[in-house]
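**Student:** sequence? don't have it. structure:
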């Protein structure tokens, strides 16, 4: 009984130290857009419990509070959401090569991200340029933007 208690306590202490160090390291090294403050382990479970239909109103409220570019810590990596079509145009068209590189994917991420067959997970190259061109011509077209307006 005492061995299990010691194992659980040591795991909790190591998780606390790791999350504290990751917060300190991320605040020093990266200047990210504004977003809600997060508690490393608890917020990951909160985001995983939400469905995709529940995320849209939450992101809309965050857009009103923090502006058109929002940083959310989902899992171990930050996710940046752009909620303004002019900012999306600047990021994907005008500065596409700068914002195109992604961090190295974890092995489980290949399954989740369809083996990098979408614009948010593909590395810069011919596939990414094809995905970007298709998105700009279809979804970001001015005639189609009206169908995506928040009502």
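**Tutor:** Nice, thanks for sending it over. These figures come from a predicted structure and were not determined experimentally.
**Student:** all helices for the protein, in order.
**Tutor:** 2-29, 40-49, 52-66, 85-89, 107-112, 126-138, 142-145 (DSSP state H).
**Student:** those: which one's closest to residue 73?
**Tutor:** Closest of the helices of the chain to residue 73 is helix 40-49, at 6.3 Å (criterion: CB to CB). C-betas here are computed from N, CA, C, even on glycine.
**Student:** can you count the residues close to residue 92?
**Tutor:** Neighbours of residue 92 under the rule other CB atoms under 10 Å: 19.
**Student:** gap between it and residue 120?
**Tutor:** Look at residue 92 and residue 120: by CB to CB, to the nearest Å, they are 11 Å apart.
**Student:** just to revisit the earlier point, out of the helices of the chain, the one nearest residue 74 is which?
**Tutor:** Closest approach to residue 74 among the helices of the chain (CB to CB): helix 40-49, 5.0 Å.
**Student:** just the mean pLDDT for the closest one, thanks.
**Tutor:** Per-residue pLDDT values across helix 40-49 average out to 68.
**Student:** likewise for stretch 121-137?
**Tutor:** On average, stretch 121-137 scores 80.
**Student:** could you list the buried residues of it?
**Tutor:** Across stretch 121-137, burial judged by 16 or more other CB atoms under 10 Å covers 121-122, 128, 131-132.
**Student:** what do you get for stretch 73-91?
**Tutor:** For stretch 73-91, by 16+ other CB under 10 Å, it's 73, 81-83, 88, 91.
**Student:** which one of the residues you listed sits closest to residue 140?
**Tutor:** Out of the buried residues of stretch 73-91, the member with the shortest distance to residue 140 (by CB to CB) is residue 88, at 6.8 Å.
**Student:** which ones are touching that closest one?
**Tutor:** If you count contacts by CB atoms under 8 Å, 6 or more residues apart in numbering, residue 88 has them with 82, 140.
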